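**Q** one predicted model, sequence on top.
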Amino acid sequence: MHSTSILRSRWSVLLGALIAAALAAALTTAAFGTADAQPTGECAGDLTRTFGNPTFGSRNKLFSNQLEPDRVTQRTYALSTQLAAGRYALTGASYDGYNGRSTARAQTNEVWVADFVSADGTVLATSSTTGDLPDGVEEADWSGPLGSIEVGEPIAAIVVRHGFLTNRSPNSVHPVCIGFTDTTPPPVTVDPTTEVPTSDDPTDTTEPPE
């Protein structure tokens, strides 16, 4: 009887541990999705450059005009390590959220573009324009492809600027990040030991018929 009680106790502990593990796995899947899922508002790529943590009601974003003192139309972000010359596929993400956004007048150009700049300030390439954020909601985000670029020298900084300048609407948008996937083709190598084929007979002087 005593041994049966011990077995039941151990089984209860084991069953509790199994249930806890199953719940933990379920919560992890619900929070983060599957490994190959694309999280909303994040940038896919080999390398990602973020532009600060977007927060609800933040003024740390881009505007399509500078009618108010704290509005800016572009920001520059230096790279701690320069991005090597090459060819890259780009992705981007945007966000905007504040009290009253769902009932505010439609802003149909909450978009931005990125310039990729060398150490001497030369613009090497420019991304495509992001998609517009949806109206009629308190918080909105967008993520998607931003085309591809090819640069002949390293990228030292990224200038993120509003993609539609006008005095008619603020078109506020917070650039979240930009992702880079290296698509540079591998270099073509030539075997230095390869020889040009020649005639086996060095005395062969036969000329082709006319």
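**A** Structure received.
**Q** got the buried residues for stretch 150-162?
**A** 151, 154-162 (16 or more other Cβ atoms under 10 Å). Any C-beta I mention is one placed from the backbone N, CA and C, and that applies to glycine too.
**Q** brain fart, stretch 128-143
**A** 128-130, 132-133, 135, 140-143.
**Q** just send the residues you listed back as JSON lines, with pLDDT, distance to T184 and secondary structure too.
**A** Output for the buried residues of stretch 128-143, formatted as JSON lines (pLDDT from 0 to 100; distance: Cβ to Cβ, whole Å; DSSP: H, G, I helix; E, B strand; the rest coil):
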{"residue": "S128", "pLDDT": "98", "distance to T184": "19", "secondary structure": "coil"}
{"residue": "T129", "pLDDT": "98", "distance to T184": "24", "secondary structure": "coil"}
{"residue": "T130", "pLDDT": "97", "distance to T184": "24", "secondary structure": "coil"}
{"residue": "D132", "pLDDT": "97", "distance to T184": "31", "secondary structure": "coil"}
{"residue": "L133", "pLDDT": "97", "distance to T184": "32", "secondary structure": "coil"}
{"residue": "D135", "pLDDT": "96", "distance to T184": "39", "secondary structure": "coil"}
{"residue": "A140", "pLDDT": "95", "distance to T184": "34", "secondary structure": "strand"}
{"residue": "D141", "pLDDT": "94", "distance to T184": "30", "secondary structure": "strand"}
{"residue": "W142", "pLDDT": "96", "distance to T184": "27", "secondary structure": "strand"}
{"residue": "S143", "pLDDT": "95", "distance to T184": "24", "secondary structure": "strand"}
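**Q** closest to D182 among the residues you listed?
**A** Closest approach between these and D182, by Cβ to Cβ: S128, at 18.0 Å.
**Q** give me the neighbour count for the closest residue to that closest one other than its chain neighbours.
**A** Nearest residue to S128, sequence neighbours excluded (Cβ to Cβ, 6 or more residues apart in numbering): G147, at 3.6 Å. Using other Cβ atoms under 10 Å, the number of residues around G147 comes to 15.
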